[in-house]
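Colleague: fold the following.
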Amino acid sequence: MDIRAPEQQYNPYRVYTREQWARLRDDTPMTLEPGEFDRLRSLHDRLDLQEVEDIYLPLSRLLSIYVDAMQRLYYAERQFLNIRDRKVPYIIGVAGSVAVGKSTTARVLQALLARWSPRPKVELITTDGFLYPNAVLERHGMMQKKGFPESYDLPLLLSFLSDIKAGRRHVRAPVYSHLTYDIVPNQWAEIDQPDILIVEGVNVLQTGKLPRDGKAVPVVSDFFDFSVYIDADEAALRQWYIKRFLALRDTAFTNPRSYFNRYALLSDEEATATAIAIWERTNLANLEDNILPTRPRATLILKKGADHTVESVALRRL
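Modeller: Residues are numbered from 1 along each chain as shown. Okay, here's the model as predicted:
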């Protein structure tokens, strides 16, 4: 995995094969039970004991080092400045394309990190809740661009992250329903001073235009202490999306309340054609224009093969 531009000699990442990365686990204990894998795994994603041992336990060990170092720096700075701030949570961003397995990675990390000693409070939030409601997207003609940067209520998301980083209590985030494909009215997820917060979403590493006057223009990743980008070739992403669409046609789409209920009676051929059309019109365009360009901003990149297993890991040099 080479992240360099053609003219760039210096690779900002150290790249490890799966075997090299797995050896970095050292003596990190397996704290997940076999029965938990199904709960943590997203539809058609790959998660088994070997994947956790080879990929996620070394990552858990690395994150423990990063979190410990950040905490020591935070306390040293407080002592130097003679101030008493509120507890500041460590925030981890998880980015990548639709169907790449972000939710699985985020849930596995949450489960592993919550079992460190002493037991930290680890919360997980997805940026789906910060999408504009469908009524707003429809009014502005943006339903076909749902998931693109402009479809998010960015000021609300930035305000949420600012409150979290400031150590405020009982910070609320909107709730999103994948069944109705919309924000759930008058429902909130409450985050109350976690030790670690994982933020998962397709465009969390997105940047903004630099201001000419030098004034601060915050972006979501400004609040991250560590970020993970899950990578895969477009051909694999396309096949995973089609496979997931066909599976949902036979399950969630059959619910009369489902936004996609109209697809429940499609034949395999019709469903495949529909999935390809949605992929090319929306998800591929978002990947090429918005998501993939943010990959070099991640602290760590997990590169998956066609079978959904991680083949290599790239870690940004300090």
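Colleague: thinking T105 is in contact with I92, fair?
Modeller: No. Counting by CB atoms under 8 Å, T105 sits too far from I92 to count as a contact (10.2 Å). Backbone N, C-alpha and C define where each C-beta goes, glycine included.
Colleague: what do the two both touch?
Modeller: In terms of CB atoms under 8 Å, 6 or more residues apart in numbering, T105 and I92 are both contacted by the residues V228.
Colleague: pLDDT of the longest strand seen in the chain, averaged?
Modeller: Criterion DSSP state E: the longest strand present in the chain is strand 182-191. Averaged over strand 182-191, pLDDT sits at 97.
Colleague: now the spatially most distant residue from the centre of the chain: how far from K102?
Modeller: Relative to the centre of the chain, and counting by CA atoms, centre = their mean, the farthest-placed residue is N82 at 35.9 Å. Relative to K102, N82 is positioned 41 Å away (criterion: CB to CB, to the nearest Å).
Colleague: what of A298?
Modeller: 12 Å.
Colleague: who has more neighbours, these two?
Modeller: Remark: of A298 and K102, A298 carries more neighbours, 27 against 23, as counted by other CB atoms under 10 Å.
Colleague: follow-up on the earlier one: buried sites along the longest strand of the chain?
Modeller: Neighbour counts over strand 182-191 (16 or more other CB atoms under 10 Å) mark D182, I183, I191 as buried.
Colleague: apart from its chain neighbours, what residue comes closest to the second one?
Modeller: Spelled out, it's I183. Distance criterion CB to CB, 6 or more residues apart in numbering; nearest residue to I183, sequence neighbours excluded, is P133 at 4.6 Å.
Colleague: quick one: the helices in the stretch 101-250 of the chain, in order.
Modeller: 102-113, 134-139, 154-165, 234-249 (DSSP state H, counting those that start in this stretch).
Colleague: winner for burial among these?
Modeller: helix 102-113 (a mean of 22; mean count of other CB atoms under 10 Å).
Colleague: could you tell me which residues touch both of A298 and K102?
Modeller: Taking CB under 8 Å, 6+ apart as the criterion, A298 and K102 both touch A95.
Colleague: now do the contacts for P89.
Modeller: Taking CB under 8 Å, 6+ apart, we find P89 in contact with I164, K165, G167, Q193, P194, D195, I196, L197.
Colleague: pLDDT weak spots in the stretch 101-250 of the chain?
Modeller: Along the stretch 101-250 of the chain, segments meeting pLDDT under 70 are nowhere present.
Colleague: go again using 90 as the cut-off
Modeller: For the stretch 101-250 of the chain, the stretches flagged by pLDDT under 90 are 117-118, 207-218.
Colleague: longest helix in this protein, by number of residues?
Modeller: Taking DSSP state H as the criterion, the chain has its longest helix at helix 57-81.
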